[in-house]
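# Okay, predicted coordinates and the sequence, questions at the end:
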Amino acid sequence: MSMPDRPEVAAKADSELRRVEQQRAPIAQLLLVARLRARNRRDLARDSLERAAHVIFVTCKNWFSSSRKPDNLPQPLPKEGPDAHRHD
């Protein structure tokens, strides 16, 4: 029994990392769709497209940003407005 070479270990780690990265986008899409479906129709207002765009933006920033610098993080929702009380 011999120890595996370092390039083989690195290649296996690289392929595993690629596999995880490829699964992130579909998982993010499923979470977004489930979240949007969970809302009641009466909850939908004219700003629903803006809210959906914000959800997509936050999801992309959290899942695909290469660093966690403060300037890469999404801006919080406004504290005033028709949806200020919502935390979904």
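Nice, I can see it.
# continuing past the lowest-mean-pLDDT helix or strand in the chain, what's the next helix or strand?
Ranked by mean pLDDT, DSSP states H and E, the helix or strand of the chain with the weakest confidence is helix 6-38, at a mean of 78. Using DSSP states H and E, the helix or strand that follows helix 6-38 towards the C-terminus is helix 48-64.
# So for that next one, mean pLDDT?
Mean per-residue pLDDT for helix 48-64: 81.
# so what does that helix touch, helix or strand wise?
Counting contacts by 3 or more CB pairs under 8 Å, 6 or more residues apart in numbering; DSSP states H and E, helix 48-64 packs against helix 6-38. Where you see a C-beta, it was placed from the backbone N, CA and C, and this is true even at glycine.
# in the helix it packs on, what's buried?
Using 16 or more other CB atoms under 10 Å as the burial criterion, the residues of helix 6-38 that qualify are 28, 32.
# what's the angle from it to helix 48-64?
Per axes from the mean of the first three to the mean of the last three CA atoms, to 10 degrees, the angle that helix 6-38 makes with helix 48-64 is 160 degrees.
# Which other helices and strands does helix 6-38 contact?
Counting by 3+ CB pairs under 8 Å, 6+ apart, helix 6-38 packs on helix 48-64.
# If we go by neighbour counts, what in the helix it packs on is buried?
Using 16+ other CB under 10 Å as the test for burial, helix 48-64 gives 51, 58-59.
# a markdown table for these, including distance to residue 37?
Shown next, in a markdown table, are the buried residues of helix 48-64 (distance: CB to CB, whole Å):
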| residue | distance to residue 37 |
| --- | --- |
| 51 | 14 |
| 58 | 18 |
| 59 | 15 |
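# Let me know the closest of the residues you listed to residue 8.
Residue 8 lies nearest to residue 59 out of those, by CB to CB, at 35.2 Å.
# what sits against the closest residue to that closest one other than its chain neighbours?
Nearest-residue entry for residue 59: residue 28, 5.0 Å, with adjacent residues in sequence omitted and distances by CB to CB, 6 or more residues apart in numbering. The contact partners of residue 28, taken as CB atoms under 8 Å, 6 or more residues apart in numbering, are 59-60, 63.
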